[in-house]
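J.: Compute the structure for the input listed below.
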Amino acid sequence: MVMIIDASGAVLGRLSASVAKKLLAGEEIVVVNAARAVISGNPDFIKDKFQHRRDRGDRIKGPFYPRYPDMMLKRAIRGMLPRKKMRGRDALERLRVYKACPVQFTGKAQRFGKQVSELRCKSTTLAQLAKSLGAREGMIG
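T.: Below is the predicted model:
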């Protein structure tokens with residue numbers, strides 16, 4: 001059974017933690033609308049933080065940080081998995097992340113976790129962050 005999760009308005013860290021927990025329990029998960037996931041905090045600080053991560057290291061050795069929203073969400077989930085162990089690698093293989101909602105998943109996705117309407121602080125979406133990092137417009141979603 002595949003669990004389909006809608007990331008629209010969901011807080012990135014909370015969503016990532018709950019998805020990682022479900023992956024380690026053996027579920028197969030599809031996350032849709034990753035571009036609409038939200039990072040709480042000052043948008044300027046968040047942009048600077050992600051830009052610093054992308055600039056760190058070099059082109060050959062890394063570390064490599066993504067620029068597109070679906071890969072940012074996948075990287076956040078990967079950071080909460082024991083990916084150097086077999087169960088963590090297997091869990092990451094059971095995850096699929098989409099920028100928008102593909103036709104086959106329309107109307108089937110469920111929302112859970114804290115939503116952007118419950119936040120009391122500033123926030124920015126992954127799509128806005130990707131645009132500020134220089135992602136191509138057609139690839140944002």
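
J.: Show the pLDDT at the residue most central in space within the chain.
T.: Geometric centre of the chain, nearest residue: residue 73, 1.4 Å, by C-alpha atoms, centre = their mean. With respect to pLDDT, residue 73 scores 96.

J.: Tell me both backbone torsions, phi and psi, for the residue of the chain positioned farthest from its centre.
T.: The centre of the chain is farthest from one residue, residue 60, which by C-alpha atoms, centre = their mean lies 24.3 Å away. Main-chain torsions, residue 60, degrees, to the nearest 10: phi -90, psi -50.

J.: And the strands in the chain, which stretches?
T.: Assigned by DSSP state E, the chain shows strands spanning 2-6, 28-32, 38-40, 95-97, 123-125.

J.: Summarise which helices and strands the helix-or-strand element of the chain with minimal mean pLDDT is packed against.
T.: Lowest on mean pLDDT, DSSP states H and E among the helices and strands of the chain sits helix 137-140, with a mean of 75. Using 3 or more C-beta pairs under 8 Å, 6 or more residues apart in numbering; DSSP states H and E as the contact test, the elements touching helix 137-140 are helix 126-133. In this view, the C-beta of every residue, glycine as well, is placed from N, C-alpha and C.

J.: mind checking how far stretch 10-21 is from the chain centre?
T.: For stretch 10-21, the gap between its own C-alpha mean and the chain's C-alpha mean amounts to 8 Å (C-alpha atoms, centre = their mean, to the nearest Å).

J.: pLDDT (mean, whole number) over it?
T.: What stretch 10-21 shows for mean pLDDT is 94.

J.: Give me the residues contacting it.
T.: Under the contact criterion C-beta atoms under 8 Å, 6 or more residues apart in numbering, stretch 10-21 has outside partners 5, 7, 29, 31, 37-40, 72-73, 76-77, 79-81, 91, 95, 111-116, 119, 123, 126.
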